[in-house]
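> Predicted model and sequence follow; I will ask about them next.
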Amino acid sequence: MSKKLLSVVLASAMAAGVLAGCGSTPAPAAAPAPAAEEKKEEAPAEEAKEEAPAEEAKEEAPAEAAADEGKVLNIYCWNEEFKSRLTDHYPGYEEVDATNGKIGDVAVKWNITPSTDNAYQNNLDEHLLGQEAAAADDKIDLFLVEADYALKYVDTDYTMPVADLGLTADELANQYKYTQDIMTDSNGALKGVSWQGCPGVLIYNREAAKEVLGSDDPETVQAAVADWDTFVKTAADMKAAGYSVMSSVNDSYRVYSNNVSTPWVVDGKIVIDDNLMKWVDDSKALVDAGETGTHALWSDDWSKGFYPDGKVFAYFGPAWLINFSMAADTEGSIANAGGWGAVEGPQGFFWGGTWIAAAQGTDNPTLVADIMRQLTTNEQIMTDIVKADSDFVNNKPAMEAAAENDEYAFKVLGGQNPLAMFCAGAEKIDLSNLSPYDQGCNEAFQNAMKNYFDGNSTKEEALDIFYKSVVEKYPELTY
Amino acid sequence: MNRKNSKVVSYNKWGYIFLIPFIVVYLVFQFIPLVSTVYNSFFENYRSGLTQIGPNFVGLANYAKLITNGDLIQYTKNTMIMWILGFIPQIFFSLLLGAWFTDPSLRLKCQQFFKTVIYLPNLIMASAFAMLFFTLFADSGPVNSILVSMGVISQPFKFMSNIWATRSLVGFMNFIMWFGNTTILLMAGMMGIDQSLFEAAEVDGATSNQVFFRITLPLLRPILVYVLITSLIGGLQMFDVPQILTNGTGDPARTSMTLIMYLNKHLFSKNYGLGGALSVMLFIITGILSMIVFRFSNSKK
Amino acid sequence: MNEKKTNGVSVHTRRLIAYIVLIILSFLCLIWFYILFINATRSHAELTKGFTPIPSSHLMENWNNLLHGTLPVFYGLRNSIFVSVCSAILCVYFSTMTAYAIHAYEFKLKKFMFTFILMIMMIPTQVTVLGFLQLIGKMKLDDSFIPLIVPAIAAPVSFFYMKQYMDSVLSLSLVEAARIDGAGEFRTFNSIVLPLMRPAIAVQAIFTFVSSWNNYFTPALVLHTDKKKTLPILIAQLRSADWLKFDMGQVYVMIAFSIFPVIVVYLLLSRNIVGGVTAGGVKE
């Protein structure tokens, strides 16, 4: 199970960026009560013009809500990440026990179902479908989704437009656009928000760069990976020196698939974008030349490149991968010695992230709106999240300030501060070509093509397997 | 009631009484869901995202779809191949161990230990077991490094990318997980055999082979039939090991996709229609194969 | 021992072969527990390096992290024990009863019932799971242990085993003797038949207990409250932890922790099987 679980788990459940040095910074807003006080004092200071009215509303909102709205807030999610964000940063949240909390006199109920075997979505679907019939206190008020399947919920009436909750475009202006693209339905209504951004970069092995490219400075490296054709050329040079250009073809998949010009499904027909066919052809060439492998992400074979003996030139990933998943605290790893560097790479992409959506029919709209507002638009709280939890937050001014600040240099990257690169990357991501079928299609495509790369089937047979498995999942589609 | 006349009847009514709990629980928890499964097989009925499609009556269209696309034969073949790969060593070693443990002339020491140990792998969850397999059989894993350092192969062998290696690993995992189970079943059966028969045979100077084939096997027949039938049915329902080992894809190129894995694919979209039809066909396939085994084992009598 | 040759091979050679095969098989059976133990002693970062046969020093650290995490590990243990013990007891008791009904009595529907139960055995359990979930939703048994325990009463596979076992060892003369002594049918079953079936009961009790203990699929769909969840669900939850908390070391410790009780139960019950029950009362 490990392969599947690990990839589901990490690829999905994960949060975002991380800033070095935060580990040593004590969390200022750990306890709810002090956080609330702190905000009161700071409210006038920070952007008084626009924030002040909202701030007042915020202070009173939960109390008012308590008067004429539901007394139970039901939250559906698949792990504890959001719970810890709410516990640590939402003013007035009190923890009762592992699955219960309190905001004012509203009881918060956490319904946590693991995402393994699609259990989270199955459970959520059943409850959303029964939402109308459910008693007010049993109705789902707020639930979390990931990018791959967001549209499945966003493009239905089961989610509420955030405008209906009272969040204005002005308030949301500091969020990265791609995080909103994902949650925008076919009529252009925004249905959910996130406190994280997860733009990615190409992470390269400095030793390999010095040995093969002659220098490990970002300009030289970027020139060698500026687009896919140069990337493939560099792969041959790497191979000559005994390095794999990347650990697995699945590393670059996300980069190609984030830059498509058609969605997976057009008018009920499955369409394979040219950029994805380019991924297939490029990858096949790399695999046949022995320049990379076909391992699943998170497998032992995939992560061996975290150590010098693994002989891997590059990984594609966001900040959280760099800081938390590359064995930085293990003696002997490249990350431990600060031996990685970061450049933009051939194309921009993102990896991970969790979005908050309000369920239609919620009996706590004011409270839900306030949670969204506090966690995803309040610059002060978001800066606290950066410091306390090392998320790359979905707030341009906060991240741009951090990009200027040398405190946020990455030890893993040998002292480089790549945040400016991440900020630039986040602005560039264009996700206008999403479909509700992305989760199933991406998974099926990577799995099916592995047969082609490994030489177990021809390209046509592999495509056939792909179509077959997509139609099994979505019987309404044709090809 | 007249006691004398109805004696037999009054005993035999207990046959019905003792069946009540089974029947009631079965009807409630399995029969109702089953009927809805069969009923659904004649409908187009699935979920697209959060939208329910159907139910629309489509007659036998679901069955026609399954039969015409030809996949069913391939997956039945895969399932049988992987079952046989696991079952042959499983039944062989179970009988061998059973024979050894009951053979008075061998006098094996530490029998207690061996008998206990063989069932232990079944205690590990299949998912945890598969995690360990991934670690061991990874391209850079210990099995490959041992094979390379012994000079058996020069390059790490990609177990999960080779059709027969993957199928054999599935068979091997099933064998390791289940041979202890089978041995225990057989031993429990052997325990029931009257020890004096063995003693008498020994006194008569029978060889171990004679004892095994003339006494043990014939008396074990009911249990052996049980083992064969349940293994076959269990084999046709093989799911978790290949599902986990291949990440649900049944790769390479769907050559290790079993029937239930295929069924499981349809559960993703809550496809009661196609899934129901597949279940009915699965039931028919199982029925036919079990019938053959029954016939075969009865004719040997 | 007579020096008889069997197939020309001396007892000594055969004994040697037997030992070699047994040792290899034992190795193949035990190695997994060793690897599991090794992995439980290693930290997450060490685990990403791949396998080594030498234990590391993080066992207590992993264990403490698990205990101080938010998962209700001991509730999980309690729930798993409760569900598995109840399932095993209900399953063996009622399977034996059902088998006894078919074995010992003559009645009109006997043949039909036997064939019928065999037929049900051929229906894959996954087939009906969606209908099953709808049903328990309607019965308001969602998030309850009942749908995980009660269906064990109707277990065709255990029934079939009991029936086959009775065919080979249970003679009806004992039952008739009890009837002559004036014992009621229900008492005969409880006090005479059940004890005779002990090896078979122990076998099926183990099998049912283990499969219920390791079951993830149905409990994950039925149980939602954290304090009601069984160990396999908690393991899955531990594995879907977010990146900051994700820790394979903890996962392995948790797996080891959840295997331990099954081993204990197995060792206790296995005495009944392995220890050699002299089937005293059973005479053909």
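Done, it's in.

> all strands in the stretch 201-301 of chain B, in order from the N-terminus.
Assigned by DSSP state E, counting those that start in this stretch, the stretch 201-301 of chain B shows no strands.

> Poorly predicted segments of it, please.
Low-confidence segments of the stretch 201-301 of chain B (pLDDT under 70): B:297-301.

> can we see that at 80?
B:202, B:206-209, B:211-212, B:216, B:222, B:244, B:247-248, B:251, B:267-269, B:293-301 (pLDDT under 80).

> Which positions in it make contact with chain C?
B:205, B:207-209, B:219-223, B:225-226, B:229-230, B:233, B:236-237, B:239, B:260, B:263-264, B:267, B:270, B:272, B:275, B:279, B:282-283, B:286-287, B:290 (Cβ under 8 Å from any Cβ of the partner chain). From N, CA and C alone the C-beta is placed, and that goes for glycine too.

> Kindly recompute the last result at 7 Å.
B:205, B:207-209, B:219, B:222-223, B:225-226, B:230, B:233, B:237, B:239, B:260, B:263-264, B:267, B:270, B:272, B:279, B:282-283, B:286-287, B:290 (Cβ under 7 Å from any Cβ of the partner chain).

> Show me just the buried residues among the residues you listed.
B:207-208, B:219, B:222-223, B:225-226, B:230, B:233, B:237, B:239, B:260, B:263-264, B:267, B:270, B:272, B:279, B:282-283, B:286, B:290 (16 or more other Cβ atoms under 10 Å in any protein chain shown).

> which of those residues come close to chain A?
With respect to chain A, and counting by Cβ under 7 Å from any Cβ, no part of those is in contact.

> Next step: the residues you listed restricted to helices.
Residues of those located in helices (DSSP state H): B:208, B:219, B:222-223, B:225-226, B:230, B:233, B:260, B:263-264, B:267, B:272, B:279, B:282-283, B:286, B:290.

> Without its sequence neighbours, what residue ends up closest to B:Gly250?
Taking Cβ to Cβ, 6 or more residues apart in numbering or on different chains, and ignoring the residues beside it in sequence, B:Gly250 has B:Met257 as its nearest neighbour in space, at 2.7 Å.

> how many neighbours does that neighbour have?
25 (other Cβ atoms under 10 Å in any protein chain shown).

> again, but for C:Lys108
Neighbour tally, C:Lys108, other Cβ under 10 Å: 10.

> what about stretch A:301-310, how long is it end to end?
9 Å (Cα to Cα, to the nearest Å).

> buried sites along that stretch?
A:Asp301, A:Trp302, A:Ser303, A:Lys304, A:Gly305, A:Phe306, A:Tyr307, A:Gly310.

> Near chain A, which residues of the stretch 51-200 of chain B are found?
Of all the residues in the stretch 51-200 of chain B, those lying near chain A are B:Ile53, B:Ser127, B:Ala130, B:Met131, B:Phe134, B:Thr135, B:Ala138, B:Asp139, B:Ser140, B:Gly141, B:Ser161, B:Ile163, going by Cβ under 7 Å from any Cβ.

> Now find how far off-centre stretch B:57-72 is within its chain.
Taking Cα atoms, centre = their mean, to the nearest Å, one finds the center of stretch B:57-72 at 27 Å from the center of the full chain.
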